[in-house]
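[1] Only the shape, not the letters, is given here:
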């Protein structure tokens, strides 16, 4: 129950950030995808069922809030959540390189899936342009943000160990 | 087991996509029904953004004030500086307001002034939100313009907000006319610029030709400036030429807009 409350609270926060901070934090066409980062961090610390469910929930909310099609992000993020939870069971979770690689690759996968569906449903025709000018900068941005989150967490954890 | 669940969720998502693509109003209806939640996110987000911008500006201003404080030793220089800046600001504001007033008076349509309150978080779509909605008599398919020309049209309406699809969006299609040759075509968004579709290769089109709305189709009133041709590529083996149009509106600086009332 507590976990669910935390998830809902974080969900509200990331959607607020998503809707509000975009114009300020844009970098070369890319913008950090806060709900996506929440999903990756959630899936990286939970099992595949929660990763999958979190992906579907976040995706569906993104579709309702920002997209003309229902299920578009739900599809992409369900897969991303599932894959992230699956990969973390096979690698050393605390290794920052793995999580950064995961963020980079899944960001690109997410962007590719979205662009592909948009092209299929004729809502966009520039598949490659979207990948180059939107997905790659966003992927880089997501990696930097996740690195910062892990760095802050690591500093905080070391301080606690020293105090103990 | 795992794969079964994954495939189930992916299948469910695909079904949702298919349903919402055939009934495109489903998503809009869900958004309209849950306006309290949906509308509060862009508004609250915009509020957060405004406060952060104000905070950054305050920091910047405090630095500037410290620098100016040093310069106060030279009182005369400061007075000239203030007067000059004040005068320039007044002149530029006056010019801007004059242009808006002139534009509003010049148009034969009834124009409702509106302001942009939020942009879409993802760049997949070129949309933004207006600070007025159904309660302020904004309706779907109303046309949005500013002093520079055509901006887009309203696609979703909430009680106090409305979503506008700009002409840059790839879903946007506008009936247009080349002002010089009077040839008609369809203007489609390409993300950063627009493209003229169905303009025959044999007709004349030159860089810098003005493109205006044709009024055909009934959505957009005729004669509104849309942009200028920036590139023409003709291939004699093809029926239609490739024509790129740069919009007359600067979409990076959208502030005061007008909605053309039906």
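    Cool, got the structure. Only a predicted model underlies this, so the values are computations on that prediction, with no experimental measurement involved.
[2] Select the helix or strand of chain A having the lowest average pLDDT value.
    In chain A, no helix or strand scores lower on mean pLDDT, DSSP states H and E than helix A:127-130, which sits at a mean of 76.
[3] So is that helix next to chain B?
    Yes - using CB under 8 Å from any CB of the partner chain, helix A:127-130 comes into contact with chain B via A:129-130. C-beta here means a position set from N, CA and C on the backbone, and glycine is covered the same way.
[4] Packing partners of that helix?
    In terms of contacts (3 or more CB pairs under 8 Å, 6 or more residues apart in numbering or on different chains; DSSP states H and E), helix A:127-130 is packed against helix A:96-120.
[5] got the buried residues for the least confident helix or strand of chain A?
    Residues of helix A:127-130 classed as buried by neighbour count (16 or more other CB atoms under 10 Å in any protein chain shown): residue A:130.
[6] And stretch A:109-128, by the same measure?
    Per 16+ other CB under 10 Å, stretch A:109-128 contains these buried residues: A:109-111, A:113-115, A:117-118, A:123-124, A:126.
[7] residue ranges with poor pLDDT in the stretch 1-150 of chain B?
    Residues of the stretch 1-150 of chain B meeting the criterion pLDDT under 70: B:35-46, B:49, B:73-89, B:104-108, B:121-124.
[8] Pull the distance from the least confident helix or strand of chain A to the chain's centre.
    Relative to its chain's centre, helix A:127-130 lies at 20 Å (CA atoms, centre = their mean, to the nearest Å).
[9] which stretch of helix or strand covers residue B:229?
    Element membership of residue B:229 [criterion: DSSP states H and E] is strand B:225-233.
[10] returning to what we had before: out of the buried residues of stretch A:109-128, which are close to chain B?
    A:114, A:117-118, A:123-124, A:126.
[11] just curious, which of those residues is nearest to chain B?
    residue A:124 (5.1 Å; CB to the nearest CB).
[12] on that earlier part again, greatest separation within the ones next to chain B among the buried residues of stretch A:109-128: which pair is it?
    A:117 and A:126 (13.9 Å; CB to CB).
[13] sorry, back to before: could I get the buried residues of stretch A:109-128 in TSV, plus columns for pLDDT?
    Shown next, in TSV, are those (pLDDT from 0 to 100):
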residue	pLDDT
A:109	92
A:110	91
A:111	89
A:113	91
A:114	88
A:115	87
A:117	88
A:118	86
A:123	79
A:124	75
A:126	74
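[14] ok, residue B:239 touching residue B:200?
    Yes - look at residue B:239 against residue B:200 with CB atoms under 8 Å: they come within range, at 6.7 Å.
[15] just the helices in chain B please.
    Using DSSP state H, the helices of chain B run over B:2-22, B:25-33, B:35-71, B:75-106.
[16] Contact partners for residue B:157?
    The contact partners of residue B:157, by CB atoms under 8 Å, 6 or more residues apart in numbering or on different chains, come to B:32, B:133-134, B:138-140, B:163.
[17] Repeat the analysis, applying 7 Å as the threshold.
    Applying CB atoms under 7 Å, 6 or more residues apart in numbering or on different chains, we find residue B:157 in contact with B:133-134, B:138-140.
[18] Now the buried members of those residues.
    By 16+ other CB under 10 Å, the contacts of residue B:157 give B:133-134, B:138 as buried.
[19] Pull out whichever of those are also neighbours of chain A.
    The subset of these within reach of chain A, by CB under 7 Å from any CB of the partner chain, is empty.
[20] Now tabulate these in JSON lines and tack on distance to residue B:196.
    Formatted as JSON lines, the buried ones among the contacts of residue B:157 follow (distance: CB to CB, whole Å):
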{"residue": "B:133", "distance to residue B:196": "33"}
{"residue": "B:134", "distance to residue B:196": "34"}
{"residue": "B:138", "distance to residue B:196": "29"}
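[21] out of the residues you listed, who's nearest residue B:63?
    Using CB to CB, residue B:133 comes nearest to residue B:63 of the buried ones among the contacts of residue B:157, at 39.3 Å.
[22] Quickly note the distance from the closest one to residue A:19.
    17 Å (CB to CB, to the nearest Å).
[23] cool, residue A:106 as well?
    Taken as CB to CB, the span from residue A:106 to residue A:19 is 22 Å.
[24] same check, this time on residue A:131
    For residue A:131 relative to residue A:19 (CB to CB), the value is 24 Å.
[25] more neighbours, these two?
    More crowded of residue A:131 and residue A:19, by other CB atoms under 10 Å in any protein chain shown: residue A:19, with 26 against 17.
[26] Need the pLDDT of that one.
    Residue A:19 is assigned 70 on the pLDDT scale.
[27] go on, residue A:120?
    On the pLDDT scale, residue A:120 is placed at 86.
[28] Residue numbers of chain A in contact with chain B?
    Listed as neighbours of chain B in chain A under the rule CB under 7 Å from any CB: A:15-16, A:18-24, A:29, A:31, A:48, A:52, A:56, A:64-66, A:68-72, A:74-75, A:78-79, A:82, A:114, A:117-118, A:121, A:123-126, A:129-130, A:134.
[29] Show me those residues that map onto helices.
    Using DSSP H, these in helices are A:15-16, A:18-20, A:48, A:52, A:56, A:64-66, A:72, A:74-75, A:78-79, A:82, A:114, A:117-118, A:129-130.
[30] show me what contacts the residue nearest to residue B:28 when sequence neighbours are not counted?
    Nearest non-adjacent residue to residue B:28, counting by CB to CB, 6 or more residues apart in numbering or on different chains: residue B:156, 5.4 Å away. The contact partners of residue B:156, taken as CB under 7 Å, 6+ apart, are B:28, B:31, B:162-163.
[31] What about those residues, which one has the most neighbours?
    Using other CB under 10 Å as the neighbour test, those are led by residue B:162, with 26 neighbours.
[32] That one and residue B:119: what is the separation?
    Taken as CB to CB, the span from residue B:162 to residue B:119 is 14 Å.
[33] what do those two both touch?
    Joint contacts of residue B:162 and residue B:119 (CB under 7 Å, 6+ apart) do not exist.
[34] that older thread, what strands line up against the strand holding residue B:229, and which way round?
    Strand B:225-233 pairs in its sheet with strand B:210-213 (antiparallel), strand B:242-247 (antiparallel), by DSSP bridges.
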